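[1] structure, please.
(one chain, ligands or ions: 1)
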Amino acid sequence: METQSPERTAQLPQLTEPRNPGTALDLDWVRAVQANTSAIERRAATLSGRRSVKKDYQAAWLLKAVTLIDLTTLSGDDTVGRVRRLCAKARQPVSPALLDAMEMPAITTGAVCVYHDMIETAVTALKGTGIPVAAVSTGFPAGLSPFHLRLAEIEESVKAGAEEIDIVISRRHVLSGNWQALYDEMKAFRAACGDAHVKAILATGELGSLRNVARASLICMMAGADFIKTSTGKESVNATLPVTLVMIRAIRDYYDRTGYRVGYKPAGGISKAKDALVYLALIKDELGDRWLQPDLFRFGASSLLGDIERQLEHHVTGAYSAGYRHSMG
Ligand SMILES: O=C[C@H](O)COP(=O)(O)O
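    This next block holds a predicted model:
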């Protein structure tokens, strides 16, 4: 089934959702989690091969995707200048001329995502825009620095102005089935974040199995994560569709049981506009429109915006002769 036009393409005000308070660790629930790998892979294979969004609505969906990007730079050679340019892009991700041609209002990206050292630069550059700064903390990407330093890093990042903290879990807790340790770690990270939103990076490419991905997703939600995120972007395998299916079904299961909505952030290697559309169609299909707002969905991506811009330009130049304005409604 092809996806129709999104409800609105302009960035919506941040919707307020009751915050996930977490639950007690329920090991029976965790042990009952299964993941039928071959069924998941079959379903994922059908998604990437088909058009996910009707051609007439693609530009509108691409603008929607822009509003959901955590525009990211996480490189060892990041500089103040690069982060300032990234923030300028986050404030105006699509040229006003292109937006005018599509009769669309101004939009921004969902957030900017940087290392701790660049938080102050990003906060200053984004002042007054309402665009939050997300910081990767806890010894990103491996998460193997001393535990007290990982907690201190979170606290420093919050103090520096990050409103969102992307933590990395200890993969070894998952690989050894030590669910209590994973739960305790996530709870401590959650507490250290205070009012800042916390995204739990599972590094799914290093978790060994889809069942482990499902269980780790559940534990992090039980421990109070606001978002679960696939990857750091530094693993050899990052966001994939099978992993996405597993994680968003865990989110749905958690919502069905507790009534709390947890957000989802696929990250790493998402650089093509057409792939972004597949993700959005999948989220709409499995979780519904409510999860297509910036408070419940983000793409973690450093180069996706460039391809989306190219596709939008292509749409606008090609569309006028085909009565494009009418098709956008
Ligand atoms: O969290 C975001 C990722 O690190 C971005 O990965 P990417 O550079 O492959 O888009």
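[2] what's near enough to touch the residue in the chain positioned nearest to the ligand?
    Residue of the chain nearest the ligand, by Cβ to the nearest ligand atom: Gly233 (2.4 Å). Every residue, glycine included, has its C-beta placed from N, CA and C. Listed by Cβ atoms under 8 Å, 6 or more residues apart in numbering, the contact partners of Gly233 are Thr72, Leu74, Pro141, Ala267, Gly268, Gly269, Gly300, Ser302.
[3] try it again at 7 Å.
    Gly233 is in contact with Leu74, Ala267, Gly268, Gly300, counting by Cβ atoms under 7 Å, 6 or more residues apart in numbering.
[4] how would you label it: helix, strand or coil?
    Using DSSP: H, G, I helix; E, B strand; the rest coil, the structure places Gly233 in coil.
[5] quick thing: my sequence starts at 51, can you match it?
    With 51 as the first residue, the last one maps to Gly283.
[6] one step back: turn the contacts of Gly283 into CSV, including secondary structure.
    Below are the contacts of Gly283 laid out as CSV (three-state DSSP):
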residue, secondary structure
Leu124, coil
Ala317, strand
Gly318, coil
Gly350, strand
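[7] ok, which of those residues also contact the ligand?
    Among the contacts of Gly283, the residues that sit close to the ligand (Cβ under 6 Å from any ligand atom) are Leu124, Ala317, Gly318, Gly350.
[8] name the member of those residues with the most neighbours.
    Counting neighbours by other Cβ atoms under 10 Å, Gly350 leads these with 31 neighbours.
[9] give the contact list for that residue.
    With the criterion set at Cβ under 7 Å, 6+ apart, Gly350 makes contact with Asp120, Thr122, Cys163, Lys279, Gly283, Lys315, Ala317, Gly318.
[10] partners of the helix or strand encompassing the first one, with directions?
    Read that as Asp120. Here Asp120, judged by DSSP states H and E, is contained in strand 119-122. In the sheet, strand 119-122 lines up against strand 161-165 (parallel), strand 349-351 (parallel) (DSSP bridges).
[11] need these in a markdown table with mean pLDDT, can you?
    Output for the strands paired with strand 119-122, formatted as a markdown table (pLDDT from 0 to 100):
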| stretch | mean pLDDT |
| --- | --- |
| strand 161-165 | 98 |
| strand 349-351 | 98 |
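[12] what would these look like in CSV with distance to Lys237?
    What follows is the strands paired with strand 119-122, written out as CSV (distance: least, Cβ to Cβ, whole Å):
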stretch, distance to Lys237
strand 161-165, 23
strand 349-351, 23
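[13] residues from the stretch 151-300 of the chain in reach of the ligand?
    Cys163, Thr282, Gly283.
[14] can we see that at 5 Å?
    Applying Cβ under 5 Å from any ligand atom, we find that the stretch 151-300 of the chain lies next to the ligand at Gly283.
[15] for the stretch 151-300 of the chain, what spans make up the strands?
    161-165, 183-186, 214-218, 247-251, 277-279 (DSSP state E, counting those that start in this stretch).
[16] can you list the residues that contact the last one?
    Spelled out, that is strand 277-279. By Cβ under 7 Å, 6+ apart, strand 277-279 touches 216, 247, 249-252, 267, 270-271, 297, 301, 312-315, 317, 350.
[17] just give the nearest non-adjacent residue to the residue positioned nearest the centre of the chain, would you?
    The centre of the chain sits closest to Lys315, judged by Cα atoms, centre = their mean, with a distance of 2.2 Å. Once flanking residues are discounted, Lys315 sits nearest to Lys279: 3.9 Å by Cβ to Cβ, 6 or more residues apart in numbering.
[18] again with Val173
    Val173 sits nearest to Gly211 (Cβ to Cβ, 6+ apart), 3.8 Å away.
[19] doesn't Val183 make contact with that neighbour?
    Yes - counting by Cβ atoms under 7 Å, Gly211 sits close enough to Val183 to count as a contact (6.2 Å).
[20] what do those two both touch?
    Ile169, Val173.
[21] neighbour count winner among these two?
    Comparing Gly211 with Val183 by other Cβ under 10 Å, the one with more neighbours is Val183, at 28 against 17.
[22] I am finished for the moment; much appreciated.
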